[in-house]
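Q: 3D, please:
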Amino acid sequence: MQDLYLDTPTYVASFTIILLSGLLAHQFYSWYRLSHIPGPFWAQFSKFWMVRQALKGQMHSSFKEANEKYGQLFALLPSPAQESMLNLSRPSGANRSQ
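A: Coordinates of the predicted model:
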């Protein structure tokens, strides 16, 4: 009967493997759904790309470069897609904007 019981470290290891597998599957599914939308490679997988750009103080220039390279719609996490507001923001600051 002793052979049927597993010890606690085995349960912890099994739970950890199952949890990490689930997180990896969820991350892959999130990426796969939006893989047809172009964007910076590392920005499609994690938020660290955006954090790195913000810490360097270059987030605005990174968005502008991504807009020029990938077009007005490009993929970034955590949001599904980032739409460039460069063309929409200029008229709103004009004198006769509606």
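
Q: and the gap between the nearest residue to Ala75 once chain neighbours are set aside and Gln58?
A: Using C-beta to C-beta, 6 or more residues apart in numbering and skipping residues adjacent in sequence, the residue nearest Ala75 is Gly39, 3.5 Å away. In short, each C-beta sits where N, CA and C put it, glycine included. Counting by C-beta to C-beta, to the nearest Å, the separation of Gly39 from Gln58 is 17 Å.

Q: of these two, who's got more company?
A: Gly39 (21 against 13; other C-beta atoms under 10 Å).

Q: pretty sure the more buried one sits in a helix.
A: No. Secondary structure of Gly39, determined by DSSP: H, G, I helix; E, B strand; the rest coil: coil, with no helix assignment.

Q: in this structure the residue nearest to Ala75 contacts Gly71, no?
A: No. Here Gly39 lies out of contact with Gly71, judged by C-beta atoms under 8 Å, at a distance of 9.8 Å.

Q: run through this protein and note the low-pLDDT ranges.
A: For the chain, the stretches flagged by pLDDT under 70 are 1-6, 77-98.

Q: now the strands for it?
A: If DSSP state E is used as the criterion, the strands of the chain fall at 73-74, 82-83.

Q: helices or strands up against the first one?
A: Using 3 or more C-beta pairs under 8 Å, 6 or more residues apart in numbering; DSSP states H and E as the contact criterion, the neighbours of strand 73-74 among helices and strands are strand 82-83.

Q: go again using 7 Å as the cut-off
A: Contacts of strand 73-74 with other secondary structure elements, assessed using 3 or more C-beta pairs under 7 Å, 6 or more residues apart in numbering; DSSP states H and E, are absent: no helix or strand is involved.

Q: who does that strand pair up with?
A: In the sheet containing strand 73-74, the strands it pairs with under DSSP bridges are strand 82-83 (antiparallel).
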